[in-house]
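Trainee: build the 3D model from these lines:
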Amino acid sequence: MDGDSRASYSSDMRELRDVKKLDDRFGQFLVRVKCPACGASRDIAAEALARLVGWSMSLENLAPRLRCSKCGAKGGATVTPVGLPRPRGFTSNPH
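Mentor: Prediction:
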């Protein structure tokens, strides 16, 4: 998958307001992390974060622990749960 198609997915994903912890919705969502210092943004699978900090971690407690991969700033990140992108153009029955 090239970078251009992934950027279009990013804009189509909706914010999940009911998710408060990594184990909500069985972890089937992405966590969008945005750095306030440099504006860098990254989508991380909830499962990947849960392997590091545990499934019971709340998103509110997770934000201060994250460090920006671009500028190295720690704490103060904006953490937003977003829905997984739906695959486009896939049919279960090709005939």
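
Trainee: for this protein, which segments are assigned as helices?
Mentor: Per DSSP state H, the chain carries helices over the ranges 3-12, 46-53, 59-62.

Trainee: least reliable of those helices by average pLDDT, please.
Mentor: When the helices of the chain are compared on average pLDDT, helix 3-12 comes out lowest at a mean of 46.

Trainee: how about the spatially most central residue of the chain: what's its closest non-neighbour residue?
Mentor: Nearest residue to the geometric centre of the chain (C-alpha atoms, centre = their mean): residue 31, 2.0 Å. Of all residues not flanking residue 31 in the chain, residue 44 sits nearest, at 5.0 Å (C-beta to C-beta, 6 or more residues apart in numbering). Where C-beta positions appear, they are placed from N, C-alpha and C, glycine not excepted.

Trainee: repeat for residue 55
Mentor: Sequence neighbours aside, residue 23 is the residue nearest to residue 55 in space, at 4.1 Å (criterion: C-beta to C-beta, 6+ apart).

Trainee: per-residue confidence at the one you found?
Mentor: 93.

Trainee: that one and residue 13: what is the separation?
Mentor: According to C-beta to C-beta, to the nearest Å, residue 23 stands 20 Å off from residue 13.

Trainee: those two - which one has more neighbours?
Mentor: Ranked by neighbour count (other C-beta atoms under 10 Å), residue 23 and residue 13 place residue 13 first, with 18 against 15.

Trainee: wait, isn't residue 55 in contact with residue 24?
Mentor: No: with contact defined as C-beta atoms under 8 Å, residue 55 does not count as touching residue 24 (9.6 Å).

Trainee: okay, now the unreliable bits of this protein?
Mentor: Residue ranges of the chain with pLDDT under 70: 1-12, 90-92, 94-95.

Trainee: for stretch 16-31, which outside residues touch it?
Mentor: 13, 43-47, 49-50, 53-60, 62, 79-84 (C-beta atoms under 8 Å, 6 or more residues apart in numbering).
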